[in-house]
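Undergrad: Sequence and predicted model, in that order:
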Amino acid sequence: MYTITTGGSSTDSRSRSPSPRSKGYSSRSRSSSSNEGGYSRPSSRSGYSSRSTSRGGYSRGGNREGAPRSFNAKRSFKKDYIDEKLFINKEAGITETDHYTAKHAFTDFGINETLSANLTAKGLVTPSPIQDQSIPVVLKGGDVIGIASTGTGKTAAFLIPLINKLVADKDHKMMVLTPTRELAMQVEAEFVAFTRGMKLFSVSCVGGSPIMRQIKELELGVNAVIGTPGRVKDLIERGKINMSYFDSIVLDEADRMLDMGFIDDMRSILGAMPKTKQGLFFSATFSPEIKRLCTDFLKDPITVSVKSRDTAASVMQDVVRVNTDAEKVEALHEILIKPEYSKVLIFREMKRHVDGLASELTKRGFKALALHGDMHNRERERAVKALEAGKVQVVIATDVAARGLDISDINLVINYDIPNNYETYIHRIGRTGRAKKLGSALTFVPKR
(Lines give C-alpha, C1' and ligand atoms only; values in the text may rest on other atoms or scores of the structure.)
Protein backbone atom coordinates (compact mmCIF):
# COMPACT_ATOMS: atom_id res chain seq x y z
CA MET A 1 0.00 0.00 0.00
CA TYR A 2 1.28 3.47 -0.85
CA THR A 3 -0.11 6.43 1.05
CA ILE A 4 0.76 10.07 1.38
CA THR A 5 -0.73 12.26 4.05
CA THR A 6 -0.28 15.73 5.42
CA GLY A 7 -0.17 16.60 9.05
CA GLY A 8 1.97 16.86 12.11
CA SER A 9 2.50 19.82 14.29
CA SER A 10 5.57 21.41 15.69
CA THR A 11 6.59 23.47 18.64
CA ASP A 12 8.78 25.28 16.08
CA SER A 13 6.85 28.27 14.72
CA ARG A 14 9.36 29.04 11.99
CA SER A 15 8.55 30.45 8.58
CA ARG A 16 10.53 29.62 5.48
CA SER A 17 11.95 33.07 5.00
CA PRO A 18 15.58 33.52 4.00
CA SER A 19 18.05 33.28 6.82
CA PRO A 20 19.67 36.58 7.81
CA ARG A 21 23.09 35.04 8.16
CA SER A 22 25.80 35.67 5.63
CA LYS A 23 27.23 32.71 3.80
CA GLY A 24 30.00 33.91 1.52
CA TYR A 25 32.43 31.73 -0.38
CA SER A 26 36.16 31.97 -0.76
CA SER A 27 37.60 32.75 -4.17
CA ARG A 28 40.56 30.47 -3.58
CA SER A 29 40.78 27.40 -5.75
CA ARG A 30 41.28 23.95 -4.35
CA SER A 31 45.05 23.58 -4.18
CA SER A 32 45.33 19.83 -4.42
CA SER A 33 43.68 16.70 -5.82
CA SER A 34 41.38 18.73 -8.07
CA ASN A 35 40.66 17.59 -11.60
CA GLU A 36 37.78 19.94 -12.32
CA GLY A 37 39.79 22.82 -13.67
CA GLY A 38 40.65 24.84 -10.59
CA TYR A 39 37.17 25.81 -9.45
CA SER A 40 36.54 27.15 -5.98
CA ARG A 41 35.28 25.14 -3.06
CA PRO A 42 32.90 26.63 -0.51
CA SER A 43 34.75 28.74 2.01
CA SER A 44 35.59 27.47 5.46
CA ARG A 45 33.63 30.50 6.68
CA SER A 46 30.45 28.80 5.50
CA GLY A 47 29.82 26.50 8.39
CA TYR A 48 33.29 25.03 8.87
CA SER A 49 35.87 26.45 11.24
CA SER A 50 39.55 26.56 10.25
CA ARG A 51 40.58 27.17 13.83
CA SER A 52 43.36 24.81 14.86
CA THR A 53 42.99 22.49 17.83
CA SER A 54 45.45 20.75 20.07
CA ARG A 55 43.25 17.75 20.75
CA GLY A 56 44.95 15.50 18.30
CA GLY A 57 43.51 13.27 15.62
CA TYR A 58 41.32 11.08 17.75
CA SER A 59 37.58 11.08 18.00
CA ARG A 60 36.10 11.62 21.44
CA GLY A 61 33.02 9.79 20.24
CA GLY A 62 33.87 6.42 21.74
CA ASN A 63 34.28 3.36 19.56
CA ARG A 64 35.07 3.40 15.88
CA GLU A 65 31.42 3.02 14.97
CA GLY A 66 30.91 6.68 15.82
CA ALA A 67 28.82 5.61 18.80
CA PRO A 68 27.76 8.10 21.44
CA ARG A 69 29.87 8.47 24.53
CA SER A 70 27.05 7.39 26.79
CA PHE A 71 23.95 5.35 26.18
CA ASN A 72 20.47 6.07 27.44
CA ALA A 73 20.27 4.58 30.89
CA LYS A 74 16.96 2.94 30.05
CA ARG A 75 18.38 1.05 27.10
CA SER A 76 17.89 -2.69 27.50
CA PHE A 77 19.67 -5.57 25.81
CA LYS A 78 17.11 -8.16 26.87
CA LYS A 79 16.08 -10.34 23.97
CA ASP A 80 12.49 -10.49 22.84
CA TYR A 81 10.87 -13.88 22.59
CA ILE A 82 10.53 -14.90 18.94
CA ASP A 83 8.41 -17.89 18.03
CA GLU A 84 10.50 -20.35 16.00
CA LYS A 85 7.68 -20.56 13.47
CA LEU A 86 8.61 -17.05 12.35
CA PHE A 87 12.00 -18.37 11.20
CA ILE A 88 10.36 -20.82 8.80
CA ASN A 89 8.95 -20.05 5.36
CA LYS A 90 9.40 -22.84 2.82
CA GLU A 91 7.14 -21.32 0.19
CA ALA A 92 8.95 -18.12 -0.67
CA GLY A 93 8.07 -16.31 -3.85
CA ILE A 94 8.46 -12.97 -5.56
CA THR A 95 5.21 -11.07 -5.18
CA GLU A 96 4.33 -7.42 -4.95
CA THR A 97 1.70 -6.66 -2.33
CA ASP A 98 0.44 -3.67 -4.27
CA HIS A 99 0.91 -2.27 -7.75
CA TYR A 100 2.01 1.32 -8.05
CA THR A 101 2.07 3.43 -11.19
CA ALA A 102 4.42 6.39 -10.98
CA LYS A 103 2.86 9.77 -11.66
CA HIS A 104 6.14 11.25 -12.87
CA ALA A 105 9.36 10.55 -14.72
CA PHE A 106 12.53 12.08 -13.28
CA THR A 107 12.51 14.54 -16.19
CA ASP A 108 9.13 15.85 -15.00
CA PHE A 109 10.53 17.27 -11.77
CA GLY A 110 12.23 20.25 -13.43
CA ILE A 111 15.60 19.40 -11.90
CA ASN A 112 19.00 20.59 -13.10
CA GLU A 113 19.96 19.27 -16.55
CA THR A 114 23.29 17.79 -15.43
CA LEU A 115 21.64 16.08 -12.49
CA SER A 116 18.96 14.70 -14.80
CA ALA A 117 21.62 13.44 -17.21
CA ASN A 118 23.49 11.73 -14.35
CA LEU A 119 20.30 9.96 -13.29
CA THR A 120 19.71 8.78 -16.84
CA ALA A 121 23.30 7.52 -17.03
CA LYS A 122 22.62 5.41 -13.94
CA GLY A 123 19.50 4.00 -15.56
CA LEU A 124 17.09 5.96 -13.34
CA VAL A 125 14.11 6.93 -15.48
CA THR A 126 10.95 6.10 -13.54
CA PRO A 127 10.82 7.00 -9.83
CA SER A 128 10.05 4.41 -7.17
CA PRO A 129 6.92 5.08 -5.07
CA ILE A 130 8.75 6.92 -2.30
CA GLN A 131 10.74 8.95 -4.84
CA ASP A 132 7.61 9.78 -6.83
CA GLN A 133 5.80 11.09 -3.76
CA SER A 134 8.66 12.65 -1.78
CA ILE A 135 10.68 14.53 -4.41
CA PRO A 136 8.00 17.11 -5.33
CA VAL A 137 7.45 17.92 -1.64
CA VAL A 138 11.17 18.34 -0.93
CA LEU A 139 11.68 20.49 -4.03
CA LYS A 140 9.01 22.87 -2.67
CA GLY A 141 10.86 23.10 0.65
CA GLY A 142 8.52 20.93 2.70
CA ASP A 143 9.42 18.58 5.52
CA VAL A 144 8.92 14.86 4.98
CA ILE A 145 8.43 11.80 7.16
CA GLY A 146 9.24 8.78 5.01
CA ILE A 147 8.15 5.39 6.32
CA ALA A 148 10.05 3.02 4.08
CA SER A 149 12.26 -0.02 4.41
CA THR A 150 15.64 -0.74 2.85
CA GLY A 151 15.49 -1.26 -0.92
CA THR A 152 12.67 1.20 -1.65
CA GLY A 153 14.95 3.88 -3.15
CA LYS A 154 14.80 6.31 -0.25
CA THR A 155 18.41 7.48 -0.71
CA ALA A 156 17.61 8.96 -4.11
CA ALA A 157 14.32 10.27 -2.71
CA PHE A 158 16.19 12.76 -0.54
CA LEU A 159 19.45 13.20 -2.48
CA ILE A 160 17.92 14.23 -5.80
CA PRO A 161 15.87 17.21 -4.56
CA LEU A 162 18.51 18.35 -2.07
CA ILE A 163 21.26 18.22 -4.71
CA ASN A 164 19.01 20.30 -6.94
CA LYS A 165 18.82 22.89 -4.15
CA LEU A 166 22.63 22.87 -3.84
CA VAL A 167 22.96 23.64 -7.55
CA ALA A 168 20.43 26.46 -7.40
CA ASP A 169 22.04 28.00 -4.31
CA LYS A 170 25.68 27.22 -3.61
CA ASP A 171 25.25 28.76 -0.15
CA HIS A 172 22.82 25.97 0.71
CA LYS A 173 24.26 23.18 2.85
CA MET A 174 22.89 19.75 3.66
CA MET A 175 23.63 17.06 6.23
CA VAL A 176 22.72 13.38 6.24
CA LEU A 177 22.92 11.37 9.46
CA THR A 178 23.06 7.57 9.26
CA PRO A 179 23.39 4.86 11.92
CA THR A 180 26.51 3.18 10.47
CA ARG A 181 29.54 4.17 8.47
CA GLU A 182 28.71 1.59 5.78
CA LEU A 183 25.42 3.35 5.10
CA ALA A 184 27.09 6.77 5.24
CA MET A 185 29.63 5.69 2.63
CA GLN A 186 26.91 4.27 0.39
CA VAL A 187 24.98 7.54 0.62
CA GLU A 188 28.12 9.51 -0.22
CA ALA A 189 28.85 7.22 -3.17
CA GLU A 190 25.37 7.99 -4.50
CA PHE A 191 25.96 11.71 -3.92
CA VAL A 192 29.19 11.58 -5.91
CA ALA A 193 27.51 9.70 -8.78
CA PHE A 194 24.54 12.08 -8.91
CA THR A 195 26.72 15.23 -8.82
CA ARG A 196 29.29 14.25 -11.43
CA GLY A 197 30.44 17.39 -13.26
CA MET A 198 28.47 19.68 -10.96
CA LYS A 199 31.36 21.01 -8.83
CA LEU A 200 29.78 19.97 -5.54
CA PHE A 201 31.78 18.52 -2.64
CA SER A 202 30.91 16.14 0.16
CA VAL A 203 32.68 14.59 3.12
CA SER A 204 31.93 11.41 5.04
CA CYS A 205 32.31 12.09 8.77
CA VAL A 206 32.27 8.66 10.39
CA GLY A 207 34.10 6.87 13.16
CA GLY A 208 36.91 4.54 12.19
CA SER A 209 38.33 6.99 9.65
CA PRO A 210 41.02 9.57 10.42
CA ILE A 211 39.32 12.58 11.97
CA MET A 212 42.08 14.99 10.88
CA ARG A 213 41.45 14.09 7.24
CA GLN A 214 37.78 14.88 7.73
CA ILE A 215 38.68 18.17 9.42
CA LYS A 216 40.89 19.10 6.46
CA GLU A 217 38.03 18.45 4.03
CA LEU A 218 35.69 20.53 6.18
CA GLU A 219 38.18 23.39 6.26
CA LEU A 220 38.48 23.31 2.47
CA GLY A 221 34.72 23.64 2.32
CA VAL A 222 32.01 21.17 1.35
CA ASN A 223 28.37 21.33 0.33
CA ALA A 224 27.25 18.12 2.04
CA VAL A 225 28.22 16.37 5.27
CA ILE A 226 27.25 12.71 5.50
CA GLY A 227 28.06 11.00 8.76
CA THR A 228 27.22 9.16 11.95
CA PRO A 229 25.83 11.17 14.90
CA GLY A 230 28.74 10.45 17.25
CA ARG A 231 31.45 11.69 14.88
CA VAL A 232 29.39 14.66 13.69
CA LYS A 233 28.74 15.77 17.28
CA ASP A 234 32.45 15.38 18.02
CA LEU A 235 33.31 17.68 15.10
CA ILE A 236 30.71 20.20 16.25
CA GLU A 237 32.27 20.24 19.72
CA ARG A 238 35.71 20.75 18.17
CA GLY A 239 34.37 23.81 16.36
CA LYS A 240 34.80 22.24 12.94
CA ILE A 241 31.11 22.11 11.99
CA ASN A 242 28.79 25.05 12.58
CA MET A 243 25.22 23.76 12.36
CA SER A 244 23.78 27.26 11.99
CA TYR A 245 24.89 27.17 8.36
CA PHE A 246 23.00 24.00 7.44
CA ASP A 247 19.66 24.45 5.75
CA SER A 248 18.64 20.81 5.27
CA ILE A 249 19.08 17.67 7.35
CA VAL A 250 18.21 14.04 6.69
CA LEU A 251 17.87 11.35 9.35
CA ASP A 252 18.29 8.12 7.39
CA GLU A 253 17.07 5.02 9.24
CA ALA A 254 16.15 7.11 12.26
CA ASP A 255 14.77 4.10 14.13
CA ARG A 256 18.12 2.31 13.92
CA MET A 257 19.92 5.38 15.27
CA LEU A 258 17.54 5.37 18.23
CA ASP A 259 18.22 1.66 18.79
CA MET A 260 21.95 2.40 18.90
CA GLY A 261 21.53 5.05 21.60
CA PHE A 262 22.05 8.14 19.44
CA ILE A 263 18.94 10.01 20.64
CA ASP A 264 20.81 12.64 22.68
CA ASP A 265 23.31 13.29 19.89
CA MET A 266 20.51 13.57 17.33
CA ARG A 267 18.61 16.06 19.47
CA SER A 268 21.76 18.08 20.07
CA ILE A 269 22.56 18.28 16.35
CA LEU A 270 19.00 19.12 15.34
CA GLY A 271 18.69 21.70 18.09
CA ALA A 272 21.77 23.57 16.84
CA MET A 273 20.25 24.14 13.40
CA PRO A 274 18.42 27.29 12.23
CA LYS A 275 14.66 27.51 12.80
CA THR A 276 14.22 27.66 9.03
CA LYS A 277 15.77 24.27 8.38
CA GLN A 278 14.21 21.61 6.16
CA GLY A 279 14.00 18.20 7.80
CA LEU A 280 13.58 14.81 6.14
CA PHE A 281 13.18 11.83 8.49
CA PHE A 282 13.25 8.33 6.99
CA SER A 283 12.51 5.28 9.11
CA ALA A 284 11.32 1.72 8.64
CA THR A 285 9.05 2.08 11.67
CA PHE A 286 7.27 5.01 13.32
CA SER A 287 7.87 4.53 17.03
CA PRO A 288 6.76 6.99 19.74
CA GLU A 289 10.36 8.26 19.97
CA ILE A 290 10.43 9.02 16.23
CA LYS A 291 7.06 10.74 16.52
CA ARG A 292 8.39 12.98 19.32
CA LEU A 293 11.43 13.92 17.21
CA CYS A 294 9.16 14.81 14.31
CA THR A 295 6.89 16.88 16.55
CA ASP A 296 9.84 18.76 18.05
CA PHE A 297 11.86 19.44 14.91
CA LEU A 298 9.60 19.30 11.83
CA LYS A 299 6.96 21.78 10.66
CA ASP A 300 3.77 20.49 9.03
CA PRO A 301 5.53 17.43 7.57
CA ILE A 302 4.13 15.39 4.73
CA THR A 303 4.08 11.68 5.60
CA VAL A 304 4.89 9.26 2.80
CA SER A 305 4.33 5.64 3.74
CA VAL A 306 5.44 2.97 1.32
CA LYS A 307 4.48 -0.63 1.80
CA SER A 308 6.76 -2.64 -0.49
CA ARG A 309 6.78 -6.37 -1.01
CA ASP A 310 7.25 -8.31 2.17
CA THR A 311 10.98 -8.97 2.57
CA ALA A 312 10.33 -12.23 4.38
CA ALA A 313 8.10 -13.46 1.57
CA SER A 314 10.97 -13.48 -0.93
CA VAL A 315 13.34 -15.41 1.33
CA MET A 316 13.20 -19.17 1.82
CA GLN A 317 13.58 -19.56 5.59
CA ASP A 318 14.28 -22.55 7.80
CA VAL A 319 15.91 -23.51 11.09
CA VAL A 320 18.91 -25.69 11.91
CA ARG A 321 18.63 -27.47 15.27
CA VAL A 322 21.88 -27.69 17.23
CA ASN A 323 22.86 -27.56 20.88
CA THR A 324 26.60 -27.37 21.47
CA ASP A 325 29.13 -25.02 19.91
CA ALA A 326 30.80 -27.99 18.25
CA GLU A 327 27.51 -29.02 16.64
CA LYS A 328 26.96 -25.50 15.34
CA VAL A 329 30.38 -25.33 13.70
CA GLU A 330 29.96 -28.76 12.08
CA ALA A 331 26.48 -27.89 10.85
CA LEU A 332 27.81 -24.63 9.40
CA HIS A 333 30.63 -26.52 7.68
CA GLU A 334 28.15 -28.88 6.00
CA ILE A 335 26.09 -25.91 4.78
CA LEU A 336 29.02 -23.96 3.37
CA ILE A 337 30.39 -26.83 1.29
CA LYS A 338 27.23 -26.78 -0.83
CA PRO A 339 28.07 -25.23 -4.21
CA GLU A 340 24.90 -23.11 -4.39
CA TYR A 341 26.07 -21.00 -1.44
CA SER A 342 28.78 -18.86 -2.98
CA LYS A 343 27.95 -15.59 -1.18
CA VAL A 344 27.05 -16.05 2.46
CA LEU A 345 26.50 -13.50 5.22
CA ILE A 346 26.58 -14.86 8.79
CA PHE A 347 25.34 -12.84 11.78
CA ARG A 348 26.74 -13.13 15.29
CA GLU A 349 26.06 -10.97 18.35
CA MET A 350 29.49 -10.32 19.82
CA LYS A 351 32.51 -8.85 18.03
CA ARG A 352 34.89 -11.39 19.57
CA HIS A 353 32.61 -14.20 18.42
CA VAL A 354 32.69 -12.79 14.90
CA ASP A 355 36.49 -12.88 14.91
CA GLY A 356 36.53 -16.36 16.39
CA LEU A 357 34.20 -17.84 13.81
CA ALA A 358 36.05 -16.15 10.94
CA SER A 359 39.30 -17.68 12.22
CA GLU A 360 37.72 -21.13 12.59
CA LEU A 361 36.28 -21.10 9.06
CA THR A 362 39.60 -19.95 7.64
CA LYS A 363 41.32 -22.88 9.34
CA ARG A 364 38.78 -25.18 7.70
CA GLY A 365 39.69 -23.89 4.26
CA PHE A 366 36.86 -21.42 3.66
CA LYS A 367 37.53 -17.91 2.43
CA ALA A 368 36.00 -15.86 5.23
CA LEU A 369 36.34 -12.33 6.64
CA ALA A 370 34.98 -10.57 9.71
CA LEU A 371 32.98 -7.33 9.81
CA HIS A 372 32.26 -5.40 13.02
CA GLY A 373 32.54 -2.02 14.70
CA ASP A 374 36.02 -2.43 16.18
CA MET A 375 37.63 -2.85 12.77
CA HIS A 376 39.29 -0.01 10.89
CA ASN A 377 37.25 1.51 8.11
CA ARG A 378 39.51 0.14 5.38
CA GLU A 379 39.18 -3.37 6.83
CA ARG A 380 35.42 -3.17 6.78
CA GLU A 381 35.44 -1.84 3.22
CA ARG A 382 37.74 -4.70 2.23
CA ALA A 383 35.32 -7.28 3.63
CA VAL A 384 32.32 -5.77 1.86
CA LYS A 385 34.12 -5.42 -1.47
CA ALA A 386 35.59 -8.92 -1.24
CA LEU A 387 32.15 -10.50 -0.80
CA GLU A 388 30.69 -8.31 -3.53
CA ALA A 389 33.42 -9.36 -5.96
CA GLY A 390 33.26 -13.03 -4.97
CA LYS A 391 36.81 -13.04 -3.62
CA VAL A 392 35.55 -14.55 -0.38
CA GLN A 393 32.64 -16.90 0.19
CA VAL A 394 31.67 -15.77 3.68
CA VAL A 395 31.51 -12.60 5.74
CA ILE A 396 30.71 -12.96 9.44
CA ALA A 397 29.24 -9.77 10.88
CA THR A 398 27.54 -8.16 13.83
CA ASP A 399 24.29 -6.29 13.30
CA VAL A 400 26.20 -3.32 11.86
CA ALA A 401 25.59 -5.16 8.57
CA ALA A 402 21.88 -5.73 9.19
CA ARG A 403 20.93 -2.41 7.61
CA GLY A 404 22.37 -0.33 4.83
CA LEU A 405 24.55 -3.12 3.44
CA ASP A 406 23.66 -3.62 -0.21
CA ILE A 407 25.65 -6.48 -1.76
CA SER A 408 24.17 -8.02 -4.88
CA ASP A 409 23.37 -11.72 -5.09
CA ILE A 410 23.91 -12.79 -1.48
CA ASN A 411 22.31 -16.22 -1.71
CA LEU A 412 22.29 -17.18 1.97
CA VAL A 413 21.98 -15.39 5.30
CA ILE A 414 22.70 -17.41 8.44
CA ASN A 415 21.59 -16.34 11.90
CA TYR A 416 24.31 -18.14 13.83
CA ASP A 417 23.03 -16.33 16.91
CA ILE A 418 19.31 -15.61 17.28
CA PRO A 419 18.69 -11.83 16.94
CA ASN A 420 17.43 -9.68 19.81
CA ASN A 421 14.06 -9.05 18.19
CA TYR A 422 12.04 -9.93 15.13
CA GLU A 423 12.60 -6.55 13.48
CA THR A 424 16.35 -7.18 13.51
CA TYR A 425 15.71 -10.64 12.04
CA ILE A 426 13.78 -9.09 9.15
CA HIS A 427 16.59 -6.63 8.47
CA ARG A 428 19.19 -9.39 8.59
CA ILE A 429 17.45 -11.64 6.10
CA GLY A 430 16.71 -8.58 3.97
CA ARG A 431 20.34 -8.73 2.81
CA THR A 432 19.26 -11.57 0.51
CA GLY A 433 16.23 -11.94 -1.76
CA ARG A 434 16.76 -8.45 -3.17
CA ALA A 435 16.01 -6.93 -6.58
CA LYS A 436 13.15 -9.35 -7.28
CA LYS A 437 15.32 -12.40 -6.61
CA LEU A 438 14.77 -15.26 -4.21
CA GLY A 439 17.09 -15.73 -1.26
CA SER A 440 17.61 -18.18 1.58
CA ALA A 441 17.99 -17.75 5.33
CA LEU A 442 18.82 -20.27 8.06
CA THR A 443 18.58 -19.70 11.80
CA PHE A 444 20.38 -21.88 14.34
CA VAL A 445 18.04 -22.81 17.19
CA PRO A 446 18.35 -25.24 20.14
CA LYS A 447 17.12 -28.79 19.74
CA ARG A 448 13.76 -29.48 21.31
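TA: Right, received. Where do you want to start?
Undergrad: per-domain residue ranges of the protein.
TA: Using automatic domain parsing, the domain ranges for the chain come out as 2-52+96-306, 310-445.
Undergrad: Next one, pLDDT for residue 96 please.
TA: On pLDDT, residue 96 comes in at 44.
Undergrad: just residue 79 next, same as before
TA: 69.
Undergrad: Residue 74 now?
TA: 38.
Undergrad: And residue 435, by the same measure?
TA: At residue 435, the model reports a pLDDT of 65.
Undergrad: Repeat that for residue 260.
TA: So residue 260 comes in at 82 (pLDDT).
Undergrad: What separation is there between it and residue 272?
TA: Distance, residue 260 to residue 272, using Cβ to Cβ, to the nearest Å: 20 Å. C-betas here are computed from N, CA, C, even on glycine.
Undergrad: more neighbours, these two?
TA: Counted by other Cβ atoms under 10 Å, residue 260 and residue 272 do not tie: residue 260 has more neighbours, with 24 against 14.
Undergrad: Test my guess that the more buried one contacts residue 177.
TA: No - look at residue 260 against residue 177 with Cβ atoms under 8 Å: they stay out of range, at 11.5 Å.
Undergrad: sorry, back to before: make TSV out of the domains of the chain and add distance to residue 84.
TA: Shown next, in TSV, are these (distance: least, Cβ to Cβ, whole Å):
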stretch	distance to residue 84
domain 2-52+96-306	23
domain 310-445	6
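Undergrad: Can you tell me which of the ones you listed is nearest to residue 86?
TA: Of all the domains of the chain, domain 310-445 sits nearest to residue 86, with 6.2 Å by Cβ to Cβ.
Undergrad: picking that back up, residue 88 is nearest to which of the domains of the chain?
TA: domain 310-445 (5.7 Å).
Undergrad: re earlier: I'd like to know which of the domains of the chain is closest to residue 85.
TA: Once those are compared by Cβ to Cβ, domain 310-445 is nearest, at 9.4 Å.
Undergrad: Would you map the helices across this protein?
TA: For the chain, applying DSSP state H gives helices covering 113-121, 129-139, 154-168, 181-194, 211-220, 229-237, 254-259, 263-271, 288-297, 325-336, 351-363, 377-389, 422-429.
Undergrad: Pipe those helices into CSV and attach mean neighbour count and distance to residue 245 per row.
TA: CSV is the format used below for the helices of the chain (neighbours: other Cβ atoms under 10 Å; distance: least, Cβ to Cβ, whole Å):
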stretch, mean neighbour count, distance to residue 245
helix 113-121, 16, 23
helix 129-139, 24, 19
helix 154-168, 24, 13
helix 181-194, 21, 18
helix 211-220, 19, 11
helix 229-237, 24, 12
helix 254-259, 23, 22
helix 263-271, 19, 13
helix 288-297, 16, 17
helix 325-336, 15, 51
helix 351-363, 17, 37
helix 377-389, 17, 27
helix 422-429, 22, 34
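Undergrad: Now render those as TSV, adding distance to residue 305.
TA: As requested, those are exported to TSV (distance: least, Cβ to Cβ, whole Å):
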stretch	distance to residue 305
helix 113-121	24
helix 129-139	9
helix 154-168	12
helix 181-194	21
helix 211-220	35
helix 229-237	25
helix 254-259	14
helix 263-271	22
helix 288-297	13
helix 325-336	37
helix 351-363	35
helix 377-389	30
helix 422-429	17
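Undergrad: and of these, who's closest to residue 280?
TA: Going by Cβ to Cβ, the one of the helices of the chain nearest residue 280 is helix 154-168, 4.9 Å.
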